[in-house]
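Q: would you be able to build a 3D model of this:
(chains A, B and C)
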Amino acid sequence: MATLSARRPRSRGRTVANVVGVAVSVVMIFPVYWMLLTAVKPGSEILTYTPRFWTWHPSGSNFVRAVRSPHFLDALGNSVLVAFGTMLIALVLALLAAVAIARFRFYGRRAFVFVVLVVQMVPLSALIIPIYLLLNSIDAVNSLGGVVLTYLAFVLPFTIWTLRGFVAGVPAELEEAAMVDGCTRFQAFRKIVLPLVFPGLLATSIYALIQSWNEFIMAYVLLSDQNKETLPVWLVSFVTARGIDYGALMAGATMMALPVVVFFAIIQRHVASGLTAGAVKG
Amino acid sequence: MSTHTEAPPTAPGTAAPPDGTVTPRRRTRATPRLIGYLLILPTVVVLAGVQGYPLVKLVLLSLQDLTQRELFSGLPAPYVGFANYARVLGDPGFWTVVLRTVVFTVVNVVLTLVLATGTALVMRAASRWCRLLVTVVLICVWAMPQVVSTLVFNWLFDYEFGVVNWLIGLVPGVDMDNHDWYANAVSGFGVITLIVVWGAIPFVAITLYAGISQVPKELEEAARVDGASAAQTFLRVTYPILRPIYTIVTVLSVIWDFQVFNQIWVARGSKPEPEYQTLGVYSFMHAFGVNEYSLGAAVAVVTVLLLLGFTVFYIRQSLRLGEID
Amino acid sequence: MKHRLIAAAGLAAVLFGAAACGSGGGSAASGGTISTAGDAKASGTLKVWLQVDAQTGWPDAVKAATAAFHKKYPKVTVQVDYQQWNNHLTKLDAALSGSTVPDVVEMGDTETTSYLASGAFRDLSKSTNLFADSANWNKGLAASCRYEGATYCVPYYSGSRTVFYRKDMFAKAGITKPPTTYDELMADGAKLDRKYGGDPKFSAFYMPGKFWYSALSFVYDAGGTIATKNGGKWQGGLASPAAIKGLTQWKAMTDKLSKASKTSDEANPQQYTVMAQGHVAMMYGLGWEGGSVAADGNGGNPKLKDQIGSFAMPSAAGSTAMQSFAGGSDLAITAKSRHADWAAAWVAAMTGTSNERALMRAGNIPNTTTLLDEAAKIPALAPAAASAKNSWMVPIAEGWPKVEKSLVLQNGLADIASGKKSVADAAKAMNAAVESTLNGS
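A: Residues are numbered from 1 along each chain as shown, chains lettered A, B, ... in the order given. Okay, the predicted model is just below:
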């Protein structure tokens, strides 16, 4: 297959794209760079009138202070449970629902799509107290399970909508052709639809992960015991009425961002293979 | 191969199976309709449970007058009919806020979509290493905790310690010492737009890139061979295929930008001036922040209705695209 | 279509009904007497919500309080969870609406009133003798705990503001002693400006535009008030000639001596971090801020270690010093707490005399006037202790937290500082907003 697509390298266009790509990257990354830089700066170089864009005295003391601050390990464990739990459950449920609305016809489908959309329009601040009362009534306040349930409700509409777009983007004729060739409906789905939807699954899984990994206010309100708090709540403890410990805050934020980036790095390879496996090559 | 991939081909009301997928051998026992219900059941349970009750509660709340006294004691709050709505809709300030929010949303959504589309196209056209670089950057940006990214932007544009002021001040003849970005609302909203769009680009660009990589290159090449310009190729070939994805990211961006709260709140040091109030900030300051839960519920309901009004075009389009039973 | 909508509504109604039943119970009866006599057999968990400041500022005091508590209730576990100032009321509201509540909560003294009025806290009127030296509680803090004659919380600590100045800059500008009147302050500021005016970042007195605790100190100094209760109605005082005079003096000082942002406040950025950069000669700060200027880390500058002095903000009206805002914290026991006895015992330990001394060492003003005299002997705390004796407090009105959160004062002051509005116009607008909010319309 690959040998057939011997394309002329449009080298000038590619060079322009590379230059633009690097420029975009440099501009976009600057706040992230500032976070990393602050995390390794010694205290005296952090807040200065003349900004320092580099440090010759990198130190790990900010990281040490962040790791040693109360409840770091608790928060890390809780966040892993909550975020990955939410992500996995959301992906399964959303893929099912997305296939349902993209491929099957049933009464109430439009109503379902409509509700899924409207649910996202309700401002979160309006829902804090009602959700708290609901979870209180089923004894799920101050439990990680209650938080996962809440995040699911916020993440699902989006994941369903996005995946629906990807499923709908796969021509039904491909599935039909597979079924003509003797595949069952499930096999056709697994072999044809799933690989093509994979980039979409990836994008939505990162979305679900990042949303639940970084969410602050619901986690803060719902989890009253400090050993149950998640990383964003832990992180904010470096901001006090007596000032912000920028060094520890940025070190903590760096450590918090790391798992997400690593997760993406791992999943990235599968994307490439998923793309080559899904052969829509006319 | 044609490009009308998104719409199921079967017309409704014919003798063909109602799910639109022609199953030549009828292997499956369960009817498509039942499968459909089974597939959405788990989601329905979660949404009805966690969002259904709070939503009903929210609407009821908007018709009551709930104060902290009733909230803490569990005593029933008196019903006041549409008094809360009358208060919200009768406040001339409210409509200024709505107008400001609409303008803010339009600017932010357009900027986000244009820049994210550009990024996605650059990713496709660039070399492998460059694509990897851009992807890693996007993920790092996306992964940065929002609590922290807003603080960093605050710092970059700070009056005292601002890195941006210092950088611009390097230009000969420009004095940016103690320049206050927020002293006037236009430049202030410029900074806030930067924060919002910066934070929104990774998600939209990655989603669009995932979609664009599904578009068969041959289609576009054929168009180019036929003499279409790059822009025409994008608009006539690529965009129609990506339309379902565009619909989603547009609607979602509208919803998110319409309700922006955090970025404005943090950028203004949790003390936003009246000219910085968008709907999200307004409802917090006039309702939840001051414990007027019922008023807040009314604002929330009005927000949903406004959003529905603005997105109805897209929703209808989306329902038409493969959604008509 | 209609059938399904009705079915959905029915489902929701069932859910709603079930939930309503679930949340109805659980409100413990308040009233009855509290005893902190101790019980060696009692076991369970006492939940305490303190603000994050204690976690970083005086963790030893918290430990000591719990240790003292354990002498009375050895088997009760004390669980202290630290809260953020920004969002703690949202969390508290949600918690108080449910059935699992914290037993002890810390409240900012300007946040209490609506909670006192709505019955969120336990009435401690008959139990004040359980707490150390309660007859001599700091006036401002005690007032924030009192509502319609009853006492609902216990003063914890407060802060009070003084001027911190650069001794070296004063000396170089030829100023031999700190100013004691407003005119002297302005004159010294002018001297500093002459000496350091070449520095475009130099502020003789750093004063951000939304620093309302400072601007309103000028109002109270001039004899004005925010509002006073008059025959059951709140009457705004910000448009009075005295208040306008105070605001005008504040504006004059800000215009002449400060290059601080007109649109930010004293906490964004923290003003001590600005002073630490070395371009500020004076600032108006809380007791701990002076130390933070020269602290190592968190934006401090250790090179200024011996250069920071303090003096009381001079009065513009001929008093010995300007009145300072009595900002601080209280500890309350929730009305829904099932362990009011334990809670009271812990609060008594936390606000006990030895513990308050530990808070003083951390740069806070203690909760009683008796201890205030001791604080006056600590050099770093002395000026703040002196100004704490002479302090003003926001109106104790149910609607006060609303006034504060609606930001009318901060935004009105920013309008004055930036010149967007005249002092009189801005004062009139602030006054009208305060009056209507306090009177609940």
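Q: the strand or helix carrying A:Y207 vs chain B: in contact?
A: Counting by DSSP states H and E, the element that carries A:Y207 is helix A:194-214. Yes - Helix A:194-214 is in contact with chain B by CB under 8 Å from any CB of the partner chain, via A:196, A:199-200, A:202-203, A:206-207, A:210, A:213-214. Heads up, the C-betas are built off the backbone N, CA and C, glycines and all.
Q: which helices and strands does that helix pack with?
A: helix A:72-103, helix A:144-169, helix A:231-236, helix A:246-277, helix B:128-143, helix B:185-212 (3 or more CB pairs under 8 Å, 6 or more residues apart in numbering or on different chains; DSSP states H and E).
Q: about what we covered before: could you dump the residues of helix A:194-214 next to chain B into a markdown table with pLDDT added?
A: Shown next, in a markdown table, are those (pLDDT from 0 to 100):
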| residue | pLDDT |
| --- | --- |
| A:L196 | 82 |
| A:P199 | 75 |
| A:G200 | 78 |
| A:L202 | 83 |
| A:A203 | 74 |
| A:I206 | 86 |
| A:Y207 | 87 |
| A:I210 | 92 |
| A:W213 | 95 |
| A:N214 | 93 |
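Q: turn these into TSV, including neighbour count.
A: Converted to TSV, the residues of helix A:194-214 next to chain B look like this (neighbours: other CB atoms under 10 Å in any protein chain shown):
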residue	neighbour count
A:L196	21
A:P199	22
A:G200	25
A:L202	19
A:A203	24
A:I206	24
A:Y207	21
A:I210	24
A:W213	26
A:N214	25
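Q: model confidence over the helix or strand harbouring B:T247, on average?
A: Assigned by DSSP H and E, B:T247 falls within helix B:239-258. Averaging pLDDT along helix B:239-258 yields 87.
Q: name the next helix or strand downstream of it, please.
A: Downstream of helix B:239-258, the next assigned helix or strand under DSSP H and E is helix B:262-267.
Q: does chain A have contacts with whatever helix or strand comes next after that following helix?
A: Proceeding N to C from helix B:262-267, the next assigned helix or strand is helix B:279-283, under DSSP H and E. Yes - applying CB under 8 Å from any CB, one finds helix B:279-283 touching chain A at B:280, B:283.
Q: what's near enough to touch the closest residue to B:Q64 other than its chain neighbours?
A: Closest residue to B:Q64 apart from its sequence neighbours, by CB to CB, 6 or more residues apart in numbering or on different chains: B:A77 at 4.2 Å. Contact partners of B:A77, counting by CB atoms under 8 Å, 6 or more residues apart in numbering or on different chains, are B:61, B:64-67, B:70, B:294.
Q: looking at these, spot the one nearest chain C.
A: B:T67 (6.7 Å; CB to the nearest CB).
Q: what about that closest one, how many neighbours?
A: Close neighbours of B:T67, defined as other CB atoms under 10 Å in any protein chain shown, add up to 18.
Q: next one: the one 4 residues further on
A: When counting by other CB under 10 Å, one arrives at 20 neighbours for B:L71.
Q: please apply the same query to C:K167.
A: 15.
Q: so it sits against C:I308, correct?
A: Yes - assessed by CB atoms under 8 Å, C:K167 is found in contact with C:I308 at 7.2 Å.
Q: ok, now how distant is the closest residue to chain C within chain A from chain B?
A: At 3.2 Å from chain C, A:S137 is the closest residue in chain A, using CB to the nearest CB. For A:S137, the distance to chain B equals 9 Å [CB to the nearest CB, to the nearest Å].
Q: over to A:E173?
A: Using CB to the nearest CB, which is the criterion applied here, A:E173 is 8 Å from chain B.
Q: per-residue confidence at that residue?
A: With respect to pLDDT, A:E173 scores 85.
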